[in-house]
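>>> 3D model of this:
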Amino acid sequence: MMIKNNAAFYHKLYGVKKSRVVYYKKDFIDYVLMVLITAVVIVLSYGYRHIMSIIGVPLCIFAILAFGMRHGVEFKVPLILRRPQDLLYMLIYKFRNLRLVYLAAVGLLLLENVLITATPSLPHHVELMRKVALGLFYIHFVSITIFRTAILLDHLAKKELVREVLMQTAWARVIKENTNMTLEVLHAYCTGILTHLVLIAPWYLVITHAFYSVVFLPVTCVVGVLIHLLWLRTTNDWFYRDHWLGHNSELEFIFLHGPHHDAIPSGLIAVAENGYLEGFLRHTIGFPVTFYNPVIACAVYTFEIKGDIELHQYIPGVFPRLSKKVMENNQHSTHHYGPLEPYSLGAKSTQAASTQQRKRAIYQIPEEIRNSVQMDEELTNFVWDNPTYRKTLSLYDKYQK
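Predicted structure coming up:
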């Protein structure tokens, strides 16, 4: 349900409001607890001998070590013990923000499983479907990881350019002449890999526990596409609320959204706007994609994560090169380079776009996404032509040949 212009809903907090965009050394114990929970989620989801656990657990260890090297260490009573009620609030927020399309996706999967059980004489070939689903799962993860690794290599080769660009932005508070850029780039890469394998853990659990039928495949694919088209129309509405919480509830920032802002603003970090545990929670309680037929889920996950990687490349001159025209039409970079706003997806398609491009967009992308920044303009008085936006565009003029 759309609740337009209702700040009482979108900015509702039961706990204490404390806006956050960075980690501090005082967060060390909370961060360690968050990463340990992440490791437990990985092992319980995949099994301790699974390749994802073999990759994921060492990445969790690296994340803790990198935090100490990048931020320092301070031992303080963790926030999660000082305000444990915020955990309950977190769950209330997630369930209150659920959309009907999510319930429709879950319902479709449950219906398919009931029908499979009720019609054992039909050639469902559930074991074959599970093998196909698992194959698609691994193809998705490996292909995105190869793409991310190509980005890593270009960032390492151009790490001094990365330093030079970031020192001209709000990241100058972190990136200095003596900053170890190899560590910063590797940290961003590992953040992306770890976030990715945790985000798709709910999908893996569904694949390995639910049943899929060859007989029902055409119907579930078509209905899955229709559900996703409806989801696209409410994505920005859902995301604004969840993203606002990720920055204004201190516990949600530290335990959910923080890792997404802790690494340099590069495509290396991006996995559909998520932190480690945030991806797992969102794709269990929030995003419907986990529950689609695996064919549709694989296509959606691959398209969206690859696109999110490209749309987070806010360091010009480094692969994958994001065009200035795309930058002119979207302000998520502003969110990563200073101000908290925009909390929405941050797009404004009419900005610097030709008539032909706008007509094409009308038939491809819902209005709710094309002009998603309207929510920020109405709820936070966000100004499109702001200094951070202009500075970012000037960097693209300077470095993006």
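
>>> distance of the residue nearest the centre of the chain from residue 199?
Central residue of the chain (Cα atoms, centre = their mean): residue 273, 2.3 Å from the mean position. Remark: distance between residue 273 and residue 199 (Cβ to Cβ, to the nearest Å) = 10 Å. All C-beta atoms are positioned from the backbone trio N, CA, C, and that covers glycine.

>>> mind checking how far the residue of the chain positioned farthest from its centre is from residue 215?
Taking Cα atoms, centre = their mean, the residue of the chain most remote from its mean C-alpha position is residue 121, at 41.7 Å. Residue 121 sits 11 Å away from residue 215, going by Cβ to Cβ.

>>> quick check, the residue farthest from the centre of the chain in a strand?
No - applying DSSP: H, G, I helix; E, B strand; the rest coil, one finds residue 121 to be coil, outside a strand.

>>> any stretches of this protein with poor pLDDT?
1-5, 350-364 (pLDDT under 70).

>>> next, give phi and psi for the closest residue to residue 243 other than its chain neighbours.
Excluding the flanking residues, the one nearest residue 243 by Cβ to Cβ, 6 or more residues apart in numbering is residue 343, at 4.8 Å. For residue 343, the backbone dihedrals (degrees, to the nearest 10) come out as phi -90, psi -20.

>>> and residue 330, by the same measure?
phi -140, psi 140.

>>> equivalent analysis for residue 74, please.
Residue 74 adopts backbone torsions of phi -140, psi 130, taken as degrees, to the nearest 10.

>>> same deal with residue 17?
According to degrees, to the nearest 10, residue 17 has phi -80, psi 120.

>>> show me what contacts it?
By Cβ atoms under 8 Å, 6 or more residues apart in numbering, the contact list for residue 17 reads 248-249.

>>> what about residue 339, which SS state?
Counting by three-state DSSP, the backbone at residue 339 sits in coil.

>>> so it sits against residue 383, correct?
No - between residue 339 and residue 383 there is no contact under Cβ atoms under 8 Å: 9.9 Å.

>>> higher neighbour count, those two?
The neighbour count for residue 339 versus residue 383, taken as other Cβ atoms under 10 Å, is higher for residue 339 (18 against 12).

>>> show me what the helix or strand that residue 39 is a member of is in contact with.
Assigned by DSSP states H and E, residue 39 belongs to helix 28-46. Residues outside helix 28-46 that contact it (Cβ under 8 Å, 6+ apart): 23, 52-53, 56-57, 60, 63-64, 67-68, 71-80, 194, 197-198, 201-202, 204-205, 254-255, 258, 276-277, 280.
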